[in-house]
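Trainee: this one's sequence-less:
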């Protein structure tokens, strides 16, 4: 039995979960998310908890059991509390500015980069060298953070670029100089 898959998911007050065949919709104060459950996995509602079960002990069903439970639990947490990622920008003249469409980034190139935020994502820059990504979908928040970091990943010599908050960049020595 999957240790993660057998855990029940508690549904807090103010969150409605609709199970229709193999489609699950979770609606809460921060929005609405939906997921299609793979075949062989079933979801049962028991009061204010959800239980995920699998049809058989096939390897595929075992793999999808814990995954499906985690995805639904992340959806419930996303519509109640939401998810947040922070990025730090390091470099002389490197900055981020909030625009109506998303972000305008100056990253040392000859041009500025315009990043358009997908629906459901809120981008803020409390300081020009920090970017905060908020949203209810955990996977989408992580994807947006990875895309913005990929515009100018941190380099190992001076550490310039965009990195996750708290990320440690291994630095290299550079040229030895002289003989």
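Mentor: Happy to help now that I have it. Values in this document were obtained by computation on a predicted structure and should not be read as measured data. Numbering: from 1, shown residues only.

Trainee: Hmm, residue 54 and residue 62 touching each other?
Mentor: Yes. When contacts are counted by C-beta atoms under 8 Å, residue 62 is listed as touching residue 54 (6.9 Å). Just so you know, the C-beta spots here come from the backbone N, C-alpha and C atoms, and that holds for glycine as well.

Trainee: And the lengthiest helix in the chain, what does it pack against?
Mentor: Longest helix in the chain, counting residues (DSSP state H): helix 59-80. The contact analysis (3 or more C-beta pairs under 8 Å, 6 or more residues apart in numbering; DSSP states H and E) places helix 59-80 against strand 9-10, strand 23-28, strand 31-36, strand 41-46, strand 49-54, helix 138-151.

Trainee: run the last query once more with 10 Å
Mentor: strand 9-10, strand 16-20, strand 23-28, strand 31-36, strand 41-46, strand 49-54, helix 138-151 (3 or more C-beta pairs under 10 Å, 6 or more residues apart in numbering; DSSP states H and E).

Trainee: buried set for it?
Mentor: Neighbour-count burial for helix 59-80 flags 61-62, 64-80 (criterion: 16 or more other C-beta atoms under 10 Å).

Trainee: and what of stretch 135-154?
Mentor: Within stretch 135-154, the residues scored as buried using 16+ other C-beta under 10 Å are 135, 136, 137, 138, 140, 141, 144, 145, 148, 149, 152, 154.

Trainee: What of stretch 29-39?
Mentor: 30, 33, 35, 37.

Trainee: distance between the ends of that stretch?
Mentor: Across its full length, stretch 29-39 reaches 29 Å between end residues, using C-alpha to C-alpha, to the nearest Å.

Trainee: domains in the chain, as residue ranges please.
Mentor: Domain assignment for the chain by automatic domain parsing gives 9-80, 83-164.

Trainee: Quick one: mean pLDDT over stretch 118-135.
Mentor: The average of the pLDDT scores along stretch 118-135 is 96.

Trainee: same check, this time on stretch 29-40
Mentor: Mean predicted lDDT for stretch 29-40 stands at 93.

Trainee: circling back to that earlier point, closest one to residue 170 among the domains of the chain?
Mentor: domain 83-164 (6.1 Å; C-beta to C-beta).

Trainee: Distance from the closest one to the middle of the chain?
Mentor: Here domain 83-164 is found 14 Å from its chain centre; the criterion is C-alpha atoms, centre = their mean, to the nearest Å.
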